[in-house]
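Peer 1: below are the sequence and a predicted model; questions follow.
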Amino acid sequence: MKQRLVFPRQLICVGVISRPQVLLHSFLLFTFLLSPIAAGAADITQQLHRPLNSSVGRQSRDEADSLLSIGKQQYASGYADKTITSCLQALELYHSIGDLKAQGLTYNLLAKAYIQLGSSKEAEDALRRGLAIARDTKDFQSQIFVLNNIGTFLLQQGESAAAGKIVEDALAIAHGVKNIEGEGLSLSNLGLVTARLGDYNKAIKLYENALLFRRQTGDGIGEANTLNNLGDAYLASGNYQDTITTYGEAMRTAKTNRDRTNELRAIDGLVKAHTTAGRYERAFDLLEQRLALAKELQNLREELKSFESYAQLYKQQGNYLTARNFYERAIVIARTLEDSKQEVQLRDQLTQMLQRK
């Protein structure tokens, strides 16, 4: 069930953007102009700066900081729904003590969680709020990261060219204020945009450049993400040796940092690469690792993905009986998750396979 943001009226955005072109126009307004939302954020700051009992305020801040930290861990572990719950609770507390910067950080994480769940309207709302706060507080670092999140969002909406322009703006700000972390992130996302446009050689160069910055900051999670992006580009260009090497490095880096999201993603990339190269035994070994990790995390959605990958691999080998078993196990989990869309897709795959036998 989707959760609804409920905040003071001054922070509520007016209107709902339904088309990508209008959505982009609104984001560009936020990028270059001082928006009404930013003014609203300033107004609410004044209201929230009323005297607050210091002990109560300290307790609220500690609780909010803890919730935000938990939310980050949940997101890294692939629990976007739990991340949203933690962020909403943290936001209520940050509002009560009037900490705008912390609210901005929380909105950014909230947006990423909504994007992961495919909740476009909620993601858009959180992104707008986060950018408004970053501009109102003249927080250049937050602006860099929010603009990158907006770029990611637009990319998922199929607006690759528009996403590229937004990320280029982020890169320009990062370069201007010499923010190494922001440069690494922006270059990595530019690589993602370039790859989406089909220029894999250019994307590879952007990713390699991004890695130089990410390694300077010791950002293991960011490094693993860029390595996975690089692996995707190598795979798309048919360079299987570099694909396997890069995904392997991403998996090790993610494992070291207990970054389960990138670890699972790296395993998925390796499974595709080894399967394409005909190394089925290695692909099955990796799927065994993936399923074990999903069970360790007690993450049913990742278990479902593992079973679906098993089914597809067995189907590719012509072992339809075993493939059917794994499809049926995946369907049971989809029903448990009450994910009717996923259940229908799995049933369709199973039906199509049985018809081709």
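Peer 2: Sure, I can see it.

Peer 1: now the element after the least confident helix or strand in the chain by mean pLDDT, going C-ward?
Peer 2: Counting by mean pLDDT, DSSP states H and E, the chain has its least confident helix or strand at helix 36-48, which shows a mean of 30. If you walk from helix 36-48 toward the C-terminus, the next helix or strand you reach (DSSP states H and E) is helix 54-76.

Peer 1: what's in contact with that next one?
Peer 2: With contact meaning CB atoms under 8 Å, 6 or more residues apart in numbering, helix 54-76 is reached by 80, 82-83, 86-87, 89-90, 93-94, 96-97, 99, 102, 105-106, 109, 112-113, 116, 221, 258-261. (C-beta placed from N, C-alpha, C; glycine too.)

Peer 1: at 7 Å instead, please
Peer 2: 82-83, 86-87, 89-90, 93-94, 96-97, 102, 105-106, 109, 112-113, 221, 259-261 (CB atoms under 7 Å, 6 or more residues apart in numbering).

Peer 1: same question for stretch 334-349.
Peer 2: Counting by CB under 7 Å, 6+ apart, 300-301, 304, 308, 327, 330-331 sit against stretch 334-349.

Peer 1: quick check: mean pLDDT of that stretch?
Peer 2: Stretch 334-349 shows a mean pLDDT of 95 in the predicted model.

Peer 1: so for that stretch, what gets flagged as buried?
Peer 2: Neighbour-count burial for stretch 334-349 flags 334, 339, 342-343, 346, 349 (criterion: 16 or more other CB atoms under 10 Å).

Peer 1: and residue 64, how far from residue 93?
Peer 2: 4 Å (CB to CB, to the nearest Å).

Peer 1: tell me where the model's unsure across the chain.
Peer 2: For the chain, applying pLDDT under 70 flags the ranges 1-57, 357.

Peer 1: mind redoing it with 50?
Peer 2: 1-52 (pLDDT under 50).

Peer 1: and the helices in the stretch 201-350 of the chain, which stretches?
Peer 2: With helices called from DSSP state H, counting those that start in this stretch, the stretch 201-350 of the chain shows them at 220-236, 240-256, 260-276, 280-297, 300-316, 320-336, 340-356.

Peer 1: make JSON lines from those and add distance to residue 199 to it.
Peer 2: Shown next, in JSON lines, are these (distance: least, CB to CB, whole Å):
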{"stretch": "helix 220-236", "distance to residue 199": "10"}
{"stretch": "helix 240-256", "distance to residue 199": "17"}
{"stretch": "helix 260-276", "distance to residue 199": "20"}
{"stretch": "helix 280-297", "distance to residue 199": "29"}
{"stretch": "helix 300-316", "distance to residue 199": "29"}
{"stretch": "helix 320-336", "distance to residue 199": "35"}
{"stretch": "helix 340-356", "distance to residue 199": "31"}
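
Peer 1: and residue 152, how far is that from residue 229?
Peer 2: Counting by CB to CB - residue 152 and residue 229 are separated by 12 Å.

Peer 1: now stretch 121-128: buried residues?
Peer 2: So stretch 121-128, judged by 16+ other CB under 10 Å, has buried residues 122-128.

Peer 1: how far does that stretch sit from its chain's centre?
Peer 2: 14 Å (CA atoms, centre = their mean, to the nearest Å).

Peer 1: and residue 91, what element?
Peer 2: helix 80-97.

Peer 1: buried sites along that helix?
Peer 2: Buried, per 16+ other CB under 10 Å, within helix 80-97: 80-91, 93-95, 97.

Peer 1: send me that helix as PDB with only the CA atoms.
Peer 2: In PDB, the C-alpha atoms belonging to helix 80-97 read as follows (Å, rounded to 0.1, in the frame of the first residue of the first chain):
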ATOM      1  CA  ALA A  80      12.500   0.400  -0.300                       C
ATOM      2  CA  ASP A  81       9.100   0.100   1.300                       C
ATOM      3  CA  LYS A  82      10.700   0.100   4.800                       C
ATOM      4  CA  THR A  83      12.900   3.000   3.800                       C
ATOM      5  CA  ILE A  84       9.800   5.000   3.000                       C
ATOM      6  CA  THR A  85       8.300   4.300   6.500                       C
ATOM      7  CA  SER A  86      11.500   5.300   8.300                       C
ATOM      8  CA  CYS A  87      11.900   8.500   6.200                       C
ATOM      9  CA  LEU A  88       8.300   9.700   6.700                       C
ATOM     10  CA  GLN A  89       8.800   9.200  10.500                       C
ATOM     11  CA  ALA A  90      12.100  11.100  10.400                       C
ATOM     12  CA  LEU A  91      10.500  13.900   8.400                       C
ATOM     13  CA  GLU A  92       7.800  14.500  11.000                       C
ATOM     14  CA  LEU A  93      10.500  15.000  13.600                       C
ATOM     15  CA  TYR A  94      12.700  17.200  11.500                       C
ATOM     16  CA  HIS A  95       9.700  19.400  10.800                       C
ATOM     17  CA  SER A  96       9.000  19.700  14.500                       C
ATOM     18  CA  ILE A  97      12.500  21.000  15.200                       C
END
